[in-house]
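Asks: here is a sequence with its predicted model. Questions after.
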Amino acid sequence: MPYETPRKLQAAILDWAGTVVDFGSFAPTQIFVEAFGEFGVAVSLAEARGPMGMGKWDHIRTLCDDPAIAARYAAQFGRTPTDSDVTAIYERFMPLQIEKIADHSALIPGALEAIGALRRKGIRIGSCSGYPARVMERVVALARQNGYVADHVVATDEVPNGRPWPAQALANVIALGIDDVAACVKVDDTVPGILEGRRAGMWTVALTCSGNALGLGYDDYRALPADRLDAERTRIADLFAPSRPHFLIDTIADLPGVVQDIEGLLAAGRMPQSC
């Protein structure tokens, strides 16, 4: 049977924090600061945001490899952090994250409407996150209370390798019964999440204003002067540039328009790998 280019999107694979919930992606980043603080090591919010999108153990390992943070750790403990030390920080991070996740569980404005528009087109909603399964269980339950239920969820510890590897996105493809990765779009607010989608052979949409890169709450984002917001969009687009997202939009509220554009490209025979 000859290969036929898909003409319609079949699935959207959505990130969670900074994409569908938690405008500004505060839940994970603030807890990294607190977890390191309990070991007497100062980490700024800006530093904590650096590796965002990775699985949380890998995120902590990356922070510990930062020369400035490693030096602070060495000043406290007389050595640079080993993998065992990373695991100790991770094990402290986990209960803090579960305890405080509800503080940052609100849906991003326009998310339900955008997801509803996709579902009316017959598009399935997959999802994945840098959170492990025991945190995702709580995140999913809180989202359900607010009216959002994804068709499938893949946590970072449910695959051999988390982002930027494509395993979580591809696990959604399999579970949702999608017949072509080119009929999928990955939506994320981090570079590792966009790389995940690219490596999975999907269309990719980077969110510039609702997540980690801008790092502001919704009201602060809305209060930005137009010239400052334009400058931030340019800065964030430059951050995403190495991951080569197909589209950049402010928030998930803008996603239905991009879906229409992608389906126009598919109808013209275009594929994500060649764009």
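Replies: It's in. What you are looking at is a predicted structure, and each value in this text was computed from that prediction instead of being measured.

Asks: which regions of this protein lie under the pLDDT threshold?
Replies: By pLDDT under 70, the low-scoring segments of the chain are 1.

Asks: tell me where the stretch 51-200 of the chain has strands.
Replies: Counting by DSSP state E, counting those that start in this stretch, residue ranges of the strands within the stretch 51-200 of the chain are 124-127, 184-188.

Asks: I'd like those written out as JSON lines, with mean neighbour count added.
Replies: In this view, the C-beta of every residue, glycine as well, is placed from N, C-alpha and C. Conversion of the strands of the stretch 51-200 of the chain to JSON lines gives the following (neighbours: other CB atoms under 10 Å):
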{"stretch": "strand 124-127", "mean neighbour count": "23"}
{"stretch": "strand 184-188", "mean neighbour count": "30"}
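
Asks: just send those back as CSV, with distance to P67 too.
Replies: Written out in CSV, the entries for the strands of the stretch 51-200 of the chain read as follows (distance: least, CB to CB, whole Å):
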stretch, distance to P67
strand 124-127, 35
strand 184-188, 28
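
Asks: closest one to R233 among the ones you listed?
Replies: The closest of the strands of the stretch 51-200 of the chain to R233 is strand 184-188. By CB to CB, the value is 16.6 Å.

Asks: what residues does stretch 207-216 touch?
Replies: Residues outside stretch 207-216 that contact it (CB atoms under 8 Å, 6 or more residues apart in numbering): 15, 17-19, 23-25, 29, 45-46, 49, 52-53, 108, 187-190, 218, 221, 224, 229, 232-233, 236-237, 239-240, 248-252.

Asks: what's the closest of the strands of the stretch 51-200 of the chain to G37?
Replies: Of those, the one closest to G37 (CB to CB) turns out to be strand 184-188, at 27.8 Å.

Asks: next, G162: phi, psi?
Replies: G162 adopts backbone torsions of phi -80, psi -170, taken as degrees, to the nearest 10.
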